[in-house]
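In: I need the structure of the sequence given here:
(chains A and B)
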Protein chains: 2
Amino acid sequence: MKFVIIGGDAAGMSAASRAKRNLPDMEVTVLEQTQDVSYSACGMPYNIADPGRDMDDLVVRHAHVFREKQGIDLRTGHRVERINRGIKTVTGSDLQGAEFEIPYDQLLIATGASPIIPDLPGFDLPGVMALKSLEDGKRIKDFIRSRNVKKIVVIGMGYIALEMCEALRERDIEVHMVKPRPAFLPWMNTALSSVVKEEVEGHNVGIHLGHKIERIEASGHSLKVVCPDLVLEGDAVLCAIGVKPNSEMAARAGLELGPFDSIAVDNTLRTTDENIYSAGDCADAYHVVTGQKTWVPLALRANRAGWAVADNVTGKRTELTGIAGSAVFKVFGLEVARTGLCADEAEKAGFDPLEVTVQTRSRAHAHPGSTTMHVQIVGDKKSGRLLGMQIVGREGAVHRIKAPSVALHCKMTVEAFSQCDLAYAPPFSPTWDPMLTAAIQFVKKSGSSPISLPRPQ
Amino acid sequence: MKFVIIGGDAAGMSAASRAKRNLPDMEVTVLEQTQDVSYSACGMPYNIADPGRDMDDLVVRHAHVFREKQGIDLRTGHRVERINRGIKTVTGSDLQGAEFEIPYDQLLIATGASPIIPDLPGFDLPGVMALKSLEDGKRIKDFIRSRNVKKIVVIGMGYIALEMCEALRERDIEVHMVKPRPAFLPWMNTALSSVVKEEVEGHNVGIHLGHKIERIEASGHSLKVVCPDLVLEGDAVLCAIGVKPNSEMAARAGLELGPFDSIAVDNTLRTTDENIYSAGDCADAYHVVTGQKTWVPLALRANRAGWAVADNVTGKRTELTGIAGSAVFKVFGLEVARTGLCADEAEKAGFDPLEVTVQTRSRAHAHPGSTTMHVQIVGDKKSGRLLGMQIVGREGAVHRIKAPSVALHCKMTVEAFSQCDLAYAPPFSPTWDPMLTAAIQFVKKSGSSPISLPRPQ
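Out: Numbers count the residues shown, from 1 in each chain, chains lettered A, B, ... in the order given. Coordinates of the predicted model:
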């Protein structure tokens, strides 16, 4: 039994390791086009923030450990170009240009995602960079040091753009962010997103919304990002407008694709070919709220899906229930967290959403150090079901969001959530946790229950 | 319709306010024996920690606001001594000794709980104090200031004892804690409780376990706590061995009592008399894990139960699902959190518990500032159901516990919990949240699923 894995990042190496643990005699081959496997990709902005830290600190396990200690046939510098489903082989070439053809019994496509680079003039100029692989991270960090970068233009304002923005400000680099769409965090309720925007601007970051990017121009040692009515100049440009699944090879092999051209998989991570699985940022997933397919390329799902594939190819049938759309990040002094659907997404999914936002305190009445908490809750007016939550605050937003995430997995109503025995102590919350206050307010507004808003604590 | 409430603390005032909001014409009378209503009792240790803060900062709403703005007939200094169920009146006396008799249509007993004071010699000496009411808090704070207290003996090691211990150390007061039982936090897994004990001892607090207290003796200006083989001397003694429900009057009126002699109520908060409700620290509750009655006197339940009573007496039938046994506290640099049952409690409730503890990191691989997280999980071997969790750590323990609390309300299995989409970002956790790691370890050990422990992140 030969298990071949294309891609040696989170999903691929999780699957490889677990398959060898489950069945030590199984032949497991990983084909990775770069030299890097098993590193903390999400940690790169925090590493870039600190000039004294080596980027290789982020490596969790080196290739030789996988080879020698775990008996995995890990081949770095091996780029797979084609899946031959009829004869069950993969073909490609290594760094020296030598071609290879490797047979498989079971195949895992864990090719990940790539940064989206607009097809516009100047995005191929030196100094225009994106952050995805460890190589990318090293390139950015080297560029900042070797060119003594003082000013960067960031295109895009998603999680990675904002985390990088904080990292760059940490190094005292001037940052301007620009994007074509008018909304700062379009999935977020504006009562909350405006708080995040103020925090970023409060750290002297230029935020330029609604500016279509036309091109990037070189200008001496610096670069100009040119919009119709705005020109931003920097020593470097970071392109962080999002990622796309690396699914072209799967598509060419005739496998079905899902949302955003991610590779369609069932709840056992199997593609439309019974011998081919897919996991990680290239694959889709079921959303536990909608029951529909979605594509959310995040690390936890990648690791979990890698394991589930390993279990399934080693004969331990495992099904994943799906994702709840939980995502969190830190930006300067703020924690930003979401789970489930925003109101727009809920409406598109066929729900009748009611959205409520509340502003409460992070600690008990008269407790020192209390700050403002912003909570948004979305529920279905008809069924009363909880559909999503968003939290922004200076403390406790990220860990709090795990409670509504669990509630979404359980398909709980907002009213039932409002009755939960969430713990209270003065340093951590008012007697009524801000999430309970939001839930109670929702129930009151939806008219489905007698419970009303708590009095201030 | 006349609604009479005995006790003007969290449950009583929540009920009074909400009844007036629901039915502004309802005649609502609150009889409170002290002068204080609506204050943050849980905030007292933090206020005592700071000599510069006035204790009245903790008052959330003053009596006159309830009277004038909310139209509540609030009578402070009114001590109810007897409930006359046959003629539906309560009788008692005010501070001047004048007797009163007040008729009710619906009655709420919200008499709270009182500190347990052992019936031993010397517990009535000046300088032997307990902390429950705002008066108690003021007395302790005044005593510390006026006597220039340098050394305190704390009897008991529960939440309040530990919070007070931190407050006193903050004021540079030497603290010795003593209790008869040998276990530090008996409900906690020793792998976790030893971490808490070390933290307390690391702040130069003497912890004396397994010492039966025989008496307290005055010795000049100081007090001696005398045990068979130990004598602890201090300028004051804080007795914090726990509280008991104030249910004597209810018992005399023939109402049924529940666990620990708390007043038995159904899920509408009604006692065995259909016109009498009880809520707050004096009343029992259903535990959502066992389905059995329990008594956990905590603030959130008191507030929630007060509201539910108000809804029920004003004709909006409301049922409470129960409590999950969630409790959290901070002690020095540690957050301590629990929800559900510990292994002993699970066994007593008829489950077949398996207990697993894990030690993980608080942040991602190579992320600066990472500390150790300790997680204990208890599940039922037969059904796989999650029964409880405990977390100790320097960050994120308290807010995390809300996720398993929700899971307990949903009667989730540990395996289902292990699949939850808990969010990840490097400053907040490893890719696999410590709770997921614990859940996966449980599933592996219980042999009910193929999922095994994550590799280190």
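In: Any stretches of chain A with poor pLDDT?
Out: A:448-457 (pLDDT under 70).
In: Enumerate every residue touching A:Ala407.
Out: Going by Cβ atoms under 8 Å, 6 or more residues apart in numbering or on different chains, A:Ala407 touches A:386, A:416-417, A:420, B:406, B:410. C-beta coordinates here come from the backbone N, C-alpha and C atoms, glycine included.
In: Sorry, slip of the keys, the one I care about is A:Leu436.
Out: A:417-418, A:420, A:422, A:454.
In: now, which of the contacts of A:Ala407 lie within helices?
Out: Among the contacts of A:Ala407, the members falling in helices (DSSP state H) are A:416-417, B:406.
In: Listing partners with orientation, what would you give for the host helix or strand of A:Leu354?
Out: Per DSSP states H and E: A:Leu354 is located in strand A:353-361. Using DSSP bridges, strand A:353-361 pairs in its sheet with strand A:372-380 (antiparallel).
In: how far is the strand it pairs with from where the chain is centred?
Out: 21 Å (Cα atoms, centre = their mean, to the nearest Å).
In: Alpha carbons only: can I get that strand in PDB?
Out: Output in PDB follows, covering the C-alpha atoms of strand A:372-380 (Å, rounded to 0.1, in the frame of the first residue of the first chain):
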ATOM      1  CA  THR A 372     -14.800  48.500  26.000                       C
ATOM      2  CA  MET A 373     -16.000  45.200  24.500                       C
ATOM      3  CA  HIS A 374     -18.000  45.200  21.200                       C
ATOM      4  CA  VAL A 375     -20.100  42.100  20.400                       C
ATOM      5  CA  GLN A 376     -22.200  41.500  17.400                       C
ATOM      6  CA  ILE A 377     -24.500  38.500  17.200                       C
ATOM      7  CA  VAL A 378     -26.500  37.100  14.300                       C
ATOM      8  CA  GLY A 379     -29.400  34.800  14.700                       C
ATOM      9  CA  ASP A 380     -32.200  33.500  12.600                       C
END
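In: Looking at chain A, which helix is longest?
Out: Longest helix in chain A, counting by DSSP H: helix A:299-313.
In: Please, where are all the helices along the stretch 151-300 of chain A?
Out: Using DSSP state H, counting those that start in this stretch, the helices of the stretch 151-300 of chain A run over residues A:159-170, A:190-201, A:248-252, A:299-313.
In: which strands and helices sit next to the third one?
Out: So that's helix A:248-252. strand A:78-84 (3 or more Cβ pairs under 8 Å, 6 or more residues apart in numbering or on different chains; DSSP states H and E).
In: The last one now?
Out: Secondary structure elements in contact with helix A:299-313, counted by 3+ Cβ pairs under 8 Å, 6+ apart, are helix A:10-22, strand A:106-109, strand A:276-278.
In: possible to save those as JSON lines with distance to chain B and mean neighbour count?
Out: Putting the helices and strands packed on helix A:299-313 into JSON lines (distance: least, Cβ to the nearest Cβ, whole Å; neighbours: other Cβ atoms under 10 Å in any protein chain shown) gives the following:
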{"stretch": "helix A:10-22", "distance to chain B": "6", "mean neighbour count": "26"}
{"stretch": "strand A:106-109", "distance to chain B": "16", "mean neighbour count": "28"}
{"stretch": "strand A:276-278", "distance to chain B": "15", "mean neighbour count": "28"}
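In: what's near enough to touch the residue positioned nearest the centre of chain A?
Out: Nearest to the mean C-alpha position of chain A, by Cα atoms, centre = their mean, lies A:Leu298 at 3.7 Å. Counting by Cβ under 8 Å, 6+ apart, A:Leu298 touches A:281, A:323, A:327, B:424.
In: what do you get for A:Asn275?
Out: Counting by Cβ under 8 Å, 6+ apart, A:Asn275 has contacts A:85, A:88, A:104-107.
In: go with 7 Å
Out: A:88, A:105-107 (Cβ atoms under 7 Å, 6 or more residues apart in numbering or on different chains).
In: related to what we said a few turns ago, as CSV, the ones in helices among the contacts of A:Ala407 with neighbour count would be great.
Out: Shown next, in CSV, are the ones in helices among the contacts of A:Ala407 (neighbours: other Cβ atoms under 10 Å in any protein chain shown):
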residue, neighbour count
A:Ala416, 20
A:Phe417, 31
B:Val406, 31
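In: ok, so of those, who is nearest A:Val243?
Out: Nearest to A:Val243 out of the ones in helices among the contacts of A:Ala407 is B:Val406 (Cβ to Cβ; 31.2 Å).
In: how far away is the closest one from A:Gly258?
Out: 29 Å (Cβ to Cβ, to the nearest Å).
In: wait, doesn't A:Ala250 sit right on A:Ala264?
Out: No. Using Cβ atoms under 7 Å, A:Ala250 makes no contact with A:Ala264, being 9.1 Å away.
In: who has more neighbours, the two?
Out: Set side by side, A:Ala250 and A:Ala264 show more neighbours around A:Ala250, with 27 against 20, by other Cβ atoms under 10 Å in any protein chain shown.
In: Which strand residues bridge the residue nearest to that one when sequence neighbours are not counted?
Out: Among residues not flanking A:Ala250 along the chain, A:Ile263 sits closest, at 4.8 Å (Cβ to Cβ, 6 or more residues apart in numbering or on different chains). Beta-bridge pairing for A:Ile263 (DSSP bridges): A:Leu257, A:Ala283.
In: right, quick check: stretch A:24-36 against chain B, any contact?
Out: No. Judged by Cβ under 7 Å from any Cβ of the partner chain, stretch A:24-36 and chain B are separated, with a smallest distance of 13.7 Å.
In: chain center to that stretch: distance?
Out: 24 Å.
In: Check stretch A:3-21 too.
Out: 20 Å.
In: May I have it as PDB, with CA atoms only?
Out: C-alpha atoms of stretch A:3-21 as PDB (Å, rounded to 0.1, in the frame of the first residue of the first chain):
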ATOM      1  CA  PHE A   3       0.400   6.500   0.100                       C
ATOM      2  CA  VAL A   4       1.700   9.600  -1.900                       C
ATOM      3  CA  ILE A   5       1.200  13.100  -0.700                       C
ATOM      4  CA  ILE A   6       1.600  16.200  -2.900                       C
ATOM      5  CA  GLY A   7       2.700  19.100  -0.600                       C
ATOM      6  CA  GLY A   8       4.600  19.000   2.700                       C
ATOM      7  CA  ASP A   9       3.000  21.800   4.700                       C
ATOM      8  CA  ALA A  10       0.500  21.500   7.500                       C
ATOM      9  CA  ALA A  11      -2.000  19.100   6.000                       C
ATOM     10  CA  GLY A  12       0.500  17.000   4.100                       C
ATOM     11  CA  MET A  13       3.000  16.500   6.900                       C
ATOM     12  CA  SER A  14       0.200  15.900   9.400                       C
ATOM     13  CA  ALA A  15      -1.200  13.200   7.200                       C
ATOM     14  CA  ALA A  16       2.200  11.700   6.600                       C
ATOM     15  CA  SER A  17       3.100  11.500  10.300                       C
ATOM     16  CA  ARG A  18      -0.200  10.100  11.300                       C
ATOM     17  CA  ALA A  19      -0.300   7.500   8.600                       C
ATOM     18  CA  LYS A  20       3.100   6.200   9.800                       C
ATOM     19  CA  ARG A  21       1.900   6.200  13.400                       C
END
